[in-house]
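Engineer: Quick one, fold the following:
(one chain, ligands or ions: 1)
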Amino acid sequence: MKFVKISKYSKSFDLECKSIAPDKSISHRCAMFSLLSDKTSTIKNFLLGEDTLASLSIAEQLGAKIERDGAEVTITPPKRIKEPENILDCGNAGTAMRLYAGLLSGFDGLFILTGDKYLRARPMKRVVTPLREIGAKIDGREHGNLAPLAIRGGKLKPFRYLSPIDSAQIKSALILAGLQAYSKSYYRENLLSRDHTERMLRGMGANISTLANGWIEIEPIKKPLKPLNITVPADPSSGFFFAVVAAIVPNSKVTIKNVTLNPTRIEAYKVLKEMGADIEFIEKENIYEPIGDITIRYNGKLKAIRVDKNIAWLIDELPALSIAMAVANGTSIIKNAKELRVKESDRISTILEGLNSCNIKTVEHPDGYEIIGGELQEATIDSYGDHRVAMSFAIAGVLCGMRIKDIDCIDTSFPNFFDILKDITEIE
Ligand code: S3P
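Structural biologist: Alright, predicted model coming up:
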């Protein structure tokens, strides 16, 4: 359980970030989806974070041959998915557990998914219930809500499922199951959640289409898919920590290079722009996803904002956005965000506890909170093992100094976070 002390910045900065961590969502999917091909997938710039390495090592336990040269990974799938000799450890990664639950429900064998103490406390019913409805045999603690989950894979029925939660993890689990059902399935959500699964599987040749009425149609795969050949773009959620620093440190600028500009992922940048930061998006290419650079410049004190729409598009950035809100003029409001309660920590309570320690006044609601903009003060913050909470308060530290407990969790998604932060301020 490491501890870090961040010093207040001493001068403004102009940073070109070429080494923001590769996208976590896309890296997880690379590890899993390569199992649906019969040829070798090549993935460049794979995220070497604990979460995505857990997905990769599960693919290996399922029989894939993995070769790694730095961040370049080749994955050769087995002829048939192997029943693993041991339990499959997803670490801290909700994405690994929920997507593998969908994928493995359709394969023959017994698969036991577990994770660290935080993941074992997160709700799994959201995928277990719809998967059981289509014939998956899954059990776990609290009647299947909590990991370890034991999955006895087998035949799956087609489905028509309207999801009560806008969640890419639920959608992806169901799409992966639908690919293995015996006829077409349909999935719908109210707000399109991140759509990497649809884009990547389509790129591999799967027939997944979004119908005019908003339903996603999933055709079962009859033959192995094409392999993936992809360079993973930078993760906009990781880049966002540095976007916030640039927006709050006078006369500063950051450019985040080669990041996915997928509209379901960059909403927080748009909110930061509405708060007054100067932000530019430059699209350079489109491979599975639009990819380009984002430049963020300080543009004076930020204004408070109300965030109550498109929540699924910025759910992971709300901790960092809360730091921008803490120093904005006026009271900012976040609503319709009860999903924050079931992330790597109960983020409503961990963010507010941290902000209150920094002398910022807040009001808590069941599905969000209010932040009364003020002046951040140095404090000692507990991350509660949540990488995004740890990194959010680390960037707050650039303004006022900060001590953060339990920072090991940052390795789950952004192992070189402090190497970049060191270009802006001192770290002990
Ligand atoms: C993810 C989806 C999101 C996000 C998580 C990664 C994914 O969760 O919060 O960090 O890769 O599918 P939900 O869509 O389930 O809210």
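Engineer: Whether the strand or helix carrying residue 25 contacts the ligand - can you check?
Structural biologist: For residue 25, the element it lies in under DSSP states H and E is helix 24-33. Yes - Helix 24-33 is in contact with the ligand by Cβ under 6 Å from any ligand atom, via 25, 28. Quick note: C-beta positions are derived from backbone N, CA and C, even for glycine.
Engineer: Tell me the secondary structure of residue 147, please.
Structural biologist: Following DSSP: H, G, I helix; E, B strand; the rest coil, we place residue 147 in the strand state.
Engineer: oh, I was asking about residue 85
Structural biologist: Once three-state DSSP is applied, residue 85 turns out coil.
Engineer: Helix 24-33 and the host helix or strand of residue 169, what's the angle between them?
Structural biologist: In the assignment (DSSP H and E), residue 169 maps to helix 168-178. Interaxial angle, helix 168-178 versus helix 24-33 (axes from the mean of the first three to the mean of the last three Cα atoms, to 10 degrees): 20 degrees.
Engineer: next helix or strand past helix 168-178?
Structural biologist: Assigned by DSSP H and E, the successor of helix 168-178 is strand 185-188.
Engineer: Distance of residue 309 relative to residue 328?
Structural biologist: Separation of residue 309 from residue 328 (Cβ to Cβ, to the nearest Å): 19 Å.
Engineer: same deal with residue 279?
Structural biologist: Counting by Cβ to Cβ, the gap from residue 279 to residue 328 is 15 Å.
Engineer: and the residue nearest to residue 106 when sequence neighbours are not counted, what pLDDT?
Structural biologist: In this structure, residue 106 finds its nearest non-sequential neighbour in residue 180, 3.1 Å apart by Cβ to Cβ, 6 or more residues apart in numbering. Per-residue confidence (pLDDT) for residue 180: 98.
Engineer: Report the contact partners of residue 180.
Structural biologist: Neighbouring residues of residue 180 by Cβ atoms under 8 Å, 6 or more residues apart in numbering: 105, 106, 107, 156, 220, 221.
Engineer: mind putting those in a markdown table, neighbour count and pLDDT included?
Structural biologist: Formatted as a markdown table, the contacts of residue 180 follow (neighbours: other Cβ atoms under 10 Å; pLDDT from 0 to 100):
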| residue | neighbour count | pLDDT |
| --- | --- | --- |
| 105 | 28 | 98 |
| 106 | 23 | 98 |
| 107 | 17 | 97 |
| 156 | 21 | 98 |
| 220 | 17 | 98 |
| 221 | 16 | 97 |
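Engineer: This structure against the ligand: which residues are in contact?
Structural biologist: Residues of the chain lying near the ligand by Cβ under 6 Å from any ligand atom: 25, 28, 95, 167, 168, 169, 172, 193, 194, 315, 316, 339.
Engineer: swap the cut-off to 8 Å and go again
Structural biologist: Applying Cβ under 8 Å from any ligand atom, we find that the chain lies next to the ligand at 24-25, 28-29, 94-95, 98-99, 126, 165-172, 193-194, 196-197, 237, 312, 315-316, 339, 343.
Engineer: For the stretch 1-150 of the chain, give the residue positioned nearest to the ligand.
Structural biologist: Residue of the stretch 1-150 of the chain nearest the ligand, by Cβ to the nearest ligand atom: residue 25 (3.2 Å).
Engineer: Can you report how many residues lie near that residue?
Structural biologist: 27 (other Cβ atoms under 10 Å).
Engineer: Could you do residue 162 as well?
Structural biologist: 11.
Engineer: which residue sits closest to it, ignoring its sequence neighbours?
Structural biologist: Nearest one to residue 162, counting by Cβ to Cβ, 6+ apart, is residue 188 at 4.9 Å.
Engineer: show me the contacts for residue 269.
Structural biologist: For residue 269, counting by Cβ under 8 Å, 6+ apart, the contacting residues are 236, 240, 243, 279, 281, 294, 296.
Engineer: Between those, identify the one with the most neighbours.
Structural biologist: residue 240 (31 neighbours).
Engineer: Pretty sure that residue sits against residue 319.
Structural biologist: No - counting by Cβ atoms under 8 Å, residue 240 stays clear of residue 319, with 9.5 Å between them.
Engineer: Run the chain-centre distance for the helix or strand hosting residue 295.
Structural biologist: Assigned by DSSP H and E, residue 295 belongs to strand 289-297. Distance, stretch centre to chain centre, for strand 289-297: 18 Å (Cα atoms, centre = their mean, to the nearest Å).
Engineer: related to what we said a few turns ago, go ahead and name everything in contact with the helix holding residue 25.
Structural biologist: Applying Cβ under 8 Å, 6+ apart, the contact partners of helix 24-33 are 41, 43, 46-47, 49, 51-52, 55-56, 58-59, 73, 75, 93, 95-96, 99-100, 103, 168, 172, 176, 194, 196-197, 200-201, 204, 225, 228, 230, 232-233, 235, 237-238, 260, 289, 413.
Engineer: quick one, it and strand 289-297 angle?
Structural biologist: Helix 24-33 and strand 289-297 meet at an angle of 160 degrees, taking the same axes, to 10 degrees as the criterion.
Engineer: and the closest residue to residue 249 other than its chain neighbours, which of the three is it?
Structural biologist: When the adjacent residues along the chain are set aside, residue 249 lies closest to residue 9, with 5.7 Å between them (Cβ to Cβ, 6+ apart). Here residue 9 is coil, with the state taken from three-state DSSP.
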